[in-house]
Every structure is written in C-alpha cells, then in structure tokens.
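K.L.:
Predicted coordinates and the sequence they were generated for:
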Amino acid sequence: MDNAAAALTFRAATDTDVDALVALIESAYRGDASRAGWTTEADILDGQRTDPEGVLQVIKSPDSRLLTIERDGRIVACCQLEHRGAHAYFGMFAVSPALQGAGLGKVVIAEAERQAREDWGATEMHMTVISVRDDLIAWYERRGYRRTGEMSPFPYGEERFGVPLRDDLQFELLVKPLA
C-alpha cells in the first residue's frame, strides 16, 4: 500500500455525514479555499456546488452510494457511485484541497471502479465533466477515461448548481471500460 492509501477508511456515507460532505465538496470546488487545490472551479463558477438536500438525496437513493473516505477519523474525500444497469456513474468527486496532488484521488477512483465492477457487475464507468476543464479531463484520461464528444447542457439558471461566470459551459461524457 502506498502513502496515499495509508490508513484510509472507505465506507458508505450516512445522514450524519451530510454537513461534513457539503463542506468538503464546497472547499474542493468553490471560493478562495478551493484555490489551495487544483480542482477549483472558482474561475468558471460562483455560488454553491451542492447543498445538504443534494447530498442527502445521493445517500438515500437505493441505486446510489456516496463513498466516504476518512483518514484519522476525518472525511478527506468522497465520490458518488450510481448503478445504472451495465454501467455505473461516477460523480460528486472531491478531495480535500490540502491533500490534492499527493495521489489520494487515484486511490479513490480505483476503489470506486473496483466497487462498481465487483458489487454491481458494471462493465463501464461513466462521468460528466465540464468541457472547459482541460486539466481535469487530462487527469481522467491518464486514468483510462476517454472523451466521447457527447455533450449535455449546463443547467444555466439553476443556482443550486452554481452561478456560471461564462456562457460556454457544457458537460462532456467520459467513459472507461471496467473489464
């Protein structure tokens, strides 16, 4: 086991984790605190990334789990896994900005892929990424994901997903075989 995986606990989130998970997700993507890591969206989106209702919905959904990663009793990362038939959806991925760049994200995504394959028999992992996030897409490509060119619209006007700072945002589907 490498340093990034040392002393990590992986578990499904519970209702009592909601506030800590919202704080983690917000810190990884929004506002000045997010600039400590490289996953920030602060230059393209303002406002919130998620809210307690959205996180609780993922926790409660029967086809979904919010994988929570702890180190020393503190939540340091999370990701959503959703069972969608032959494939699984990967989303709501966040690593504490102070811990980004040390390999933790690679460990989390590998565990998410393992669980989707072993628990649900998923043969592919799907995710959507804001298409202008070149560094992030390149990171996923290095992990075996491929761009599909399949786009879906950004929810402009729905502030619970953020306040766009530019008018060219859309989501691109990335796919990885899990065989």
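P.N.:
Okay, I see it. Numbering: from 1, shown residues only.

K.L.:
For Arg166, list the residues it contacts.
P.N.:
Contacts for Arg166 were tallied using CB atoms under 8 Å, 6 or more residues apart in numbering; they are 44, 132. Where C-beta positions appear, they are placed from N, C-alpha and C, glycine not excepted.

K.L.:
Have a look at the chain and report the helix or strand with the lowest mean pLDDT.
P.N.:
None of the helices or strands of the chain scores lower by mean pLDDT, DSSP states H and E than strand 45-46, at a mean of 76.

K.L.:
Torsion angles phi and psi at Ser131?
P.N.:
When quoted as degrees, to the nearest 10, the phi and psi of Ser131 stand at phi -60, psi -20.

K.L.:
could we number from 44 for the rest of this?
P.N.:
Done: numbering now begins at 44, and the last item shifts to Ser174.

K.L.:
Partner strands of the host helix or strand of Leu109 and their direction?
P.N.:
Under the criterion of DSSP states H and E, Leu109 resides in strand 107-114. Next to strand 107-114 in the sheet, as set by DSSP bridges, lie strand 51-55 (antiparallel), strand 117-127 (antiparallel).

K.L.:
which one of these is the most hemmed in?
P.N.:
Burial of the strands paired with strand 107-114 is given as mean neighbour count (mean count of other CB atoms under 10 Å); strand 117-127 ranks first at a mean of 20.
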